[in-house]
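Asks: quick one: sequence and predicted model below, then my questions.
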Amino acid sequence: MKKIAIVLAAASLVSLAACKSQTPAAANADAVADNLAAEADNLSDQASDLTNNTAAAAVSNASDSLNNAADSIRAEAANAAAPAKK
């Protein structure tokens, strides 16, 4: 019975180690970045449907800006989560 308990405990520790734990702030940053990236994809799709080249370029630029904002949010969240160096 002890061997089974040890195996179960080891398996649970391995599964916990595999989990990606995030702070609530990091989870919120990821959610915001994911939403921005999804909106950027929507804008990109709309830009490809436009027949006016000027409007398509403007919408495409807006899509690029949203993707850049999403990347910045993810980078800031990663920097905030990284341990400070002395």
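Replies: Looks like it came in fine.

Asks: what sits against the spatially most central residue of the chain?
Replies: The residue lying closest to the centre of the chain (C-alpha atoms, centre = their mean) is residue 30, at 4.0 Å. Residues near residue 30 by C-beta atoms under 8 Å, 6 or more residues apart in numbering: 22, 74, 77. Where C-beta positions appear, they are placed from N, C-alpha and C, glycine not excepted.

Asks: among those, who's most crowded?
Replies: Within the contacts of residue 30, most neighbours by other C-beta atoms under 10 Å means residue 77, with 20 neighbours.

Asks: remind me, longest helix of the protein?
Replies: For the chain, the helix with the greatest residue count under DSSP state H is helix 53-81.

Asks: what is that one packed up against?
Replies: Helices and strands touching helix 53-81, by 3 or more C-beta pairs under 8 Å, 6 or more residues apart in numbering; DSSP states H and E, are helix 24-49.

Asks: what angle do helix 53-81 and the helix it packs on make with each other?
Replies: Helix 24-49 and helix 53-81 are oriented at 170 degrees to each other (axes from the mean of the first three to the mean of the last three C-alpha atoms, to 10 degrees).

Asks: tell me the average confidence for helix 24-49?
Replies: Taken as a whole, helix 24-49 carries a mean pLDDT of 89.

Asks: now that helix: buried residues?
Replies: For helix 24-49, the neighbour count (16 or more other C-beta atoms under 10 Å) marks 26, 29, 33, 36, 37, 39, 40, 43, 44, 47 as buried.

Asks: and residue 64, how many residues sit next to it?
Replies: For residue 64, the neighbour count with other C-beta under 10 Å is 14.

Asks: how close does it get to residue 29?
Replies: Distance, residue 64 to residue 29, using C-beta to C-beta, to the nearest Å: 20 Å.
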